[in-house]
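A predicted structure for the sequence below; I have some questions about it.
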Amino acid sequence: MSGHSKWATTKHRKAAVDKARAKVFAKVIRQLEVAAREGGGDITANATLRTMFDKARAASVPLDTIERAIKRGTGDLEGVRYEPVTYEGYAPGGVAVIVEALTDNRNRTGAEVRNVFSRGGGSTAEPGSVSWQFARKGQIQLDRSLDEDAIMEVGLEAGAEALSDEGEGWVLTTAPADLAAVRDALATAGMTPESAELALVATTTVPLAEESEAKKVLRLLESLDDLDDVQNVWSNFDIPDDILAAAAAD
C-alpha cells in the first residue's frame, strides 16, 4: 500500500490521545447523524451506521452522545442538517487529493478548502479530475501483536482481499460490501479490530523522495484535516518510510 496508508494509520492511533479529541468527536458525531438520516437508526439493519457506531466507540465517544446523534439523524431530536460534499485537488508535487466533508453551508466549506489548498501550494480541481486514481475499499486496522497467519485465515474465509503490514499494525482490505462480514468474523475469532471503515485507496501513486517536498504535502493534508467540516482526506503520495518518519516528526 502507499505511504498515505501509513500516514493515515499513524494519525488514527494518535487521535485517541490527541489534545484535539473534541474535533475527533465532532467529526464522528456528524457521520453518525448522516448515516442515521440516510439509513435509519437501527445499527443492526444499517451497516453504515454500525460502522460509524464502532468508530465512535473506538474514539471513546460516550454512549449517550452517540444515541443523541442518532436521534438527531432520524429526526427524533432537533438538529442541523448536514450534507456530504467532495472536493478534488492537487498537493505539491502533483499528488492527488480528495477531501470528503459534511457541511450545512457549501459556500463556507468550499471557500475554506480552496484557501487551504492555495496557502499550502496546491490547487483545487474539477470533479472527476483525480477521483479516477482511487478505489473505494473497506479497511480494517488490527493490532501488530496479532498473528499474521490467523488474520489471513479468518479474513480470507470471510471475504477479505489482502493483508498489508503498515509497521505499527496490520491493515486488511475488503470490498466495500464485505467490510461488515470480515470485521464481525475477526471479532468472533477474538481479533477485535481497532477500526473498520470505508476508505479511498490509491490505485496509482506519486513518489516523493525529497523530505522538503514530503513536508509540504503532509502540512497541506493536516491543514485540510483540521477543518471542522472535513471528515476524510485521501491522497496518493508514496513516501519512503524514513522520509515519512522524519517529515511527520516536525
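It's in. If you're wondering where the values come from, they're calculated on a predicted model, not measured in any experiment.

Show me where this structure has its helices.
For the chain, helices defined by DSSP state H occupy the ranges 3-15, 21-39, 47-58, 63-74, 106-119, 148-158, 179-188, 211-225, 241-249.

What helices and strands are in contact with the fifth one?
Helix 106-119 sits against strand 83-91, strand 95-103, strand 123-125, helix 211-225, with contacts defined as 3 or more Cβ pairs under 8 Å, 6 or more residues apart in numbering; DSSP states H and E. Every C-beta, even on glycine, is put in place using the N, C-alpha and C of the backbone.

What strands line up against the shortest one, and which way round?
Meaning strand 123-125. Applying DSSP bridges to the sheet, strand 123-125 is found paired with strand 83-91 (antiparallel).

out of the helices and strands packed on helix 106-119, which comes closest to residue 36?
Taking Cβ to Cβ, strand 95-103 is the member of the helices and strands packed on helix 106-119 nearest to residue 36, at 12.7 Å.

who does that closest one pair up with?
Each strand that pairs with strand 95-103, with its direction, by DSSP bridges: strand 83-91 (antiparallel), strand 230-235 (antiparallel).

For the residue lying farthest from the centre of the chain, grab phi and psi.
Centroid-distance maximum for the chain: residue 76 at 28.0 Å, with Cα atoms, centre = their mean. Phi and psi for residue 76, reported as degrees, to the nearest 10, are phi -70, psi -20.

I'd like the distance between it and residue 226.
Here the criterion is Cβ to Cβ, to the nearest Å. By it, residue 76 lies 31 Å from residue 226.

Same check on residue 95?
18 Å.

thinking again about what came up before, which stretch in the helices of the chain has the least confidence?
Confidence, taken as mean pLDDT, is least for helix 3-15 of the helices of the chain (a mean of 52).

give me every residue that touches residue 199.
Shown in contact with residue 199 (Cβ atoms under 8 Å, 6 or more residues apart in numbering): 8, 136-139, 232, 234.

So for these, which is the shakiest by pLDDT?
Among the contacts of residue 199, residue 8 carries the lowest pLDDT, at 58.

coming back round to it: between residue 95 and residue 226, which one's more packed in?
Using other Cβ atoms under 10 Å as the criterion, residue 95 and residue 226 rank with residue 95 on top: 27 against 12.

Report the beta-bridge partners for the more buried one.
Beta bridges link residue 95 to residue 91, judged by DSSP bridges.

surely it meets residue 235?
Yes. The criterion here is Cβ atoms under 8 Å, and residue 95 meets it with residue 235 at 5.7 Å.

Between the two, which contacts overlap?
Listed as contacting both residue 95 and residue 235 by Cβ under 8 Å, 6+ apart are residue 217.

ok now stretch 76-92, how far from the chain's centre?
Remark: stretch 76-92 is offset 14 Å from the chain centroid, using Cα atoms, centre = their mean, to the nearest Å.

Pull out the buried positions in it.
Along stretch 76-92, these residues count as buried under the neighbour rule (16 or more other Cβ atoms under 10 Å): 79, 82, 87-92.

Present the residues you listed as JSON lines; the columns should include pLDDT.
As requested, these are exported to JSON lines (pLDDT from 0 to 100):
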{"residue": "79", "pLDDT": "79"}
{"residue": "82", "pLDDT": "89"}
{"residue": "87", "pLDDT": "97"}
{"residue": "88", "pLDDT": "98"}
{"residue": "89", "pLDDT": "97"}
{"residue": "90", "pLDDT": "97"}
{"residue": "91", "pLDDT": "96"}
{"residue": "92", "pLDDT": "95"}
